[in-house]
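A.B. asks: Predicted model follows, preceded by the sequence.
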Amino acid sequence: MTRPILVPVLGDQLSRNLSSLEGLTPKEAVILMMEVWDEATYVKHHKQKIVLIFSAMRHFAAELAAEGWQVDYVTLDDVHNTGSFTGEVARAVERHAPSEIRVTESGEWRVHHAMLEWEGRFPCPVSILPDTRFIATHEDFRRFAEGRKHLTMEYFYRAMRRKTGLLMRPDGKPEGGIWNLDAENRKPPKAGLSAPPAPKFAPDAITQDVIALVGERFASHFGDLEPFGWPVTRAQALAAAEAFFARRLELFGPYQDAMVHGEDDLYHSMLSTSLNCGLLDPLALCRAAEAAYREGRAPLNSVEGFIRQIIGWREYVRGFYWYTMPALAEANALAATRPLPEFFWTGATDMRCIADCIRTTREDAHAHHIQRLMVLGNFGLIAGIDPQQVADWYLAVYADAYEWVELPNVAGMVLYADGGRLATKPYAASGNYINTMSNYCGQCRYKVAEKTGPDACPFNPLYWHFMARNRRRLESNHRIGRIYATWDKMGEARQREYLEAAEAFLESLVPASPGWARYAD
Ligand SMILES: Cc1cc2nc3c(=O)[nH]c(=O)nc-3n(C[C@H](O)[C@H](O)[C@H](O)COP(=O)(O)OP(=O)(O)OC[C@H]3O[C@@H](n4cnc5c(N)ncnc54)[C@H](O)[C@@H]3O)c2cc1C
Ligand code: SF4
């Protein structure tokens with residue numbers, strides 16, 4: 001009998017378009033899928049995130065098996081499970097004596113480096129193939145980045161538009177004559193703004209088994225286990241995409257930055273979990289959005305905004321991650337060292353904006369982009385929270401979080417820990433921004449109009465504390481430096497009030513216990 005090709009398929013590679021499967025027939029291959037403890041616990045992922053990935057893996061394995069593929073599936077509670085990818089590949093090599101191990105490259109630095117050791121360890125060749133589900137290759141990003149001080153996303157995005165032809169005219173110009181319609185996509189929420197709900201998918205028997213497993217084995221992890229409604233099959237993910245195009249895309253653009261208490265995801269697509277684990281193909285999704293524009297079902301600002309998030313930001317952060325790792329994981333350009341406050345895990349704070357964003361995070365393993373960026377992230381930035389603790393938190397709590405996409409957003413976009421390579425300025429904001437873009441402040445115990453004093457919105461003094469303590473680093477930045485003229489005009493007494501108010505607030509923060517994010521060694 002000929003020796004099979006062993007194809008390990010990771011939990012975020014649940015796609016038939018995987019480079020490692022290309023050209024293979026079921027007769028030639030054994031597909032290895034592994035639920036391993038190390039991956040489920042290197043941070044203590046939200047319970048729903050673990051359910052989502054294990055359930056989607058089990059469904060994908062069942063679909064492949066039904067098509068005649070030989071799938072070797074190792075469950076978490078298999079008594080022989082070694083708990084690591086390398087350990088499980090080693091056991092599979094003993095079981096199948098493969099002629100080759102063929103795998104699509106991992107999305108994460110840590111796993112990629114473990115894979116690089118397989119060649120020397122196993123008695124057969126190991127082929128690590130590029131992940132062709134992404135539009136930009138590592139080489140594309142390197143070519144874009146080399147020689148640039150600031151890696152402005154806009155220029156990368158235009159290259160991706162040209163590469164894919166998305167929203168391009170035959171004369172090589174962008175559709176509508178303008179590349180980026182972000183200026184039309186910043187509407188504050190009007191009173192009563194409410195979006196049609198995104199579909200939720202009732203757990204089937206496979207998902208229920210995983211829910212039981214996670215309830216038992218991961219009880220100390222953050223987040224509500226149920227109700228669970230994420231798509232776990234390609235068919236469900238396609239149905240969720242259809243629903244987004246039919247009900248939400250039209251107003252996705254204008255209200256992209258709006259936040260409304262009780263309307264957790266507004267017009268956002270909720271498709272990141274399916275994109276990131278492989279159930280949806282990013283390019284196909286963008287082509288469907290483009291078709292909605294060309295057929296007059298959605299306006300250009302919404303469609304361009306949606307496509308930009310995917311072929312712009314999503315591709316860009318992935319390129320940025322591989323270009324800047326491993327330094328990015330250690331970056332701390334603003335020397336921020338404050339521990340993450342306990343309320344990031346409990347939600348127990350009087351700041352209504354933060355409490356609401358943490359509630360939706362706990363209930364759904366999701367918060368939308370502006371909640372992540374301008375409420376939670378902004379707080380982390382202006383309060384000077386240690387970037388590694390912030391990154392652990394984001395990686396643990398969101399169902400769509402994998403380090404390649406989470407870390408550039410946290411260290412680069414939110415915390416400016418990379419010294420401004422990703423973002424041209426820190427996204428620091430006072431309470432005024434949150435008040436303009438949300439309805440949170442009206443019923444908050446703090447008063448957004450008050451600048452200092454016991455009832456003042458904490459974002460107000462923290463903003464000035466941030467600007468003042470980082471003056472040396474930020475003053476020469478032409479996008480933010482002007483603000484120091486306002487600060488200087490305030491006079492010393494007012495400045496002191498801001499600084500003392502901020503310091504009193506920072507002193508009052510209770511640090512999170514380490515057991516929330518990670519298991520003790
Ligand atoms: C601090 C911080 C951490 C984040 N961590 C993650 C993460 O771990 N995983 C993740 O997928 N996204 C992350 N994002 C980006 C973004 O917030 C989520 O992709 C989005 O909220 C997912 O919801 P959605 O599918 O409804 O997105 P939509 O608003 O509908 O956007 C459509 C798609 O665009 C992509 N996208 C949009 N913005 C970004 C971005 N900045 N980076 C990468 N892709 C983007 C996503 O695939 C998303 O599904 C983070 C953003 C911030 C500010
Ligand atoms: S007043 Fe300040 S703390 Fe309260 S919701 Fe508004 S921005 Fe948040």
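C.D. replies: Yep, it's here. Numbers count the residues shown, from 1 in each chain. Ligands and ions are numbered 1, 2, ... in the order given.
A.B. asks: ranges for the helices of the stretch 401-521 of the chain?
C.D. replies: 403-407, 431-437, 459-469, 471-474, 483-490, 492-507 (DSSP state H, counting those that start in this stretch).
A.B. asks: Please point out which parts of the shortest one sit buried.
C.D. replies: Residues Leu474 are the ones in helix 471-474 that count as buried (16 or more other CB atoms under 10 Å). (Glycine included, C-beta is placed from N, CA and C.)
A.B. asks: Could you do stretch 514-521 as well?
C.D. replies: Buried-residue list, stretch 514-521, by 16+ other CB under 10 Å: Trp516, Ala517.
A.B. asks: any residues touching it, and which ones?
C.D. replies: With contact meaning CB atoms under 8 Å, 6 or more residues apart in numbering, stretch 514-521 is reached by Thr41, Tyr42, Val43, Lys44, Ser220, Phe222, Leu340, Trp345, Gln389, Asp392, Trp393, Ala396.
A.B. asks: Please repeat the previous calculation with a cut-off of 10 Å.
C.D. replies: With contact meaning CB atoms under 10 Å, 6 or more residues apart in numbering, stretch 514-521 is reached by 41-44, 220-222, 339-340, 342, 344-346, 388-389, 391-393, 395-397.
A.B. asks: Start and end of that stretch, how far apart?
C.D. replies: Stretch 514-521 stretches 11 Å from its first residue to its last (CA to CA, to the nearest Å).
A.B. asks: as a whole number, average confidence for that stretch?
C.D. replies: Here stretch 514-521 scores 89 as its mean pLDDT.
A.B. asks: interface residues of the stretch 401-521 of the chain facing ligand 2?
C.D. replies: Residues of the stretch 401-521 of the chain lying near ligand 2 by CB under 6 Å from any ligand atom: Gly431, Ile434, Asn435, Tyr440, Cys441, Cys444, Tyr446, Val448, Cys457, Pro458, Phe459.
A.B. asks: thinking again about what came up before, and the helices of the stretch 401-521 of the chain as CSV, adding distance to ligand 1?
C.D. replies: Shown next, in CSV, are the helices of the stretch 401-521 of the chain (distance: least, CB to the nearest ligand atom, whole Å):
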stretch, distance to ligand 1
helix 403-407, 3
helix 431-437, 14
helix 459-469, 17
helix 471-474, 20
helix 483-490, 22
helix 492-507, 21
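A.B. asks: could I get those helices as CSV with mean pLDDT?
C.D. replies: Formatted as CSV, these follow (pLDDT from 0 to 100):
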stretch, mean pLDDT
helix 403-407, 98
helix 431-437, 98
helix 459-469, 98
helix 471-474, 96
helix 483-490, 96
helix 492-507, 97
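A.B. asks: would JSON lines of those with distance to Ala205 be doable?
C.D. replies: Shown next, in JSON lines, are these (distance: least, CB to CB, whole Å):
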{"stretch": "helix 403-407", "distance to Ala205": "31"}
{"stretch": "helix 431-437", "distance to Ala205": "42"}
{"stretch": "helix 459-469", "distance to Ala205": "47"}
{"stretch": "helix 471-474", "distance to Ala205": "55"}
{"stretch": "helix 483-490", "distance to Ala205": "57"}
{"stretch": "helix 492-507", "distance to Ala205": "50"}
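A.B. asks: domain assignment for this structure?
C.D. replies: Using automatic domain parsing, the domains assigned to the chain come out as 5-129, 138-198+248-324, 343-514.
A.B. asks: Indicate which one of those is closest to Ala333.
C.D. replies: Among these, the nearest to Ala333 by CB to CB is domain 343-514 (3.6 Å).
A.B. asks: on that earlier part again, pull out the buried residues from the contacts of stretch 514-521.
C.D. replies: Listed as buried from these are 41-44, 221-222, 340, 342, 344-345, 388-389, 391-393, 395-397; burial here means 16+ other CB under 10 Å.
A.B. asks: And the helix or strand harbouring Tyr157, what's buried?
C.D. replies: Of the helices and strands defined by DSSP states H and E, Tyr157 is found in helix 153-164. By neighbour count with 16+ other CB under 10 Å, helix 153-164 contains the buried residues Met153, Phe156, Tyr157, Ala159, Met160, Arg161, Thr164.
A.B. asks: Not counting that helix itself, show me its contacts.
C.D. replies: 135-136, 140-141, 143-145, 148, 166-168, 172, 174-175, 179-180, 182, 282-283, 286-287, 290, 304, 307-317, 319-320, 413, 422-424.
A.B. asks: 7 Å instead?
C.D. replies: For helix 153-164, the surrounding residues in contact (CB atoms under 7 Å, 6 or more residues apart in numbering) are 135-136, 144, 167-168, 174, 179-180, 283, 308, 311-313, 315-316.
A.B. asks: Leu328 against Glu406, yeah?
C.D. replies: No. Leu328 is beyond contact range of Glu406, at 11.0 Å (criterion: CB atoms under 7 Å).
A.B. asks: measure Gly515 to ligand 1 for me?
C.D. replies: 22 Å (CB to the nearest ligand atom, to the nearest Å).
A.B. asks: For that residue, give its distance to ligand 2.
C.D. replies: The gap separating Gly515 from ligand 2 is 27 Å, by CB to the nearest ligand atom.
A.B. asks: Give me the contact status of stretch 130-142 with ligand 1.
C.D. replies: No. If you take CB under 6 Å from any ligand atom as the test, stretch 130-142 misses ligand 1, and the best it gets is 11.7 Å.
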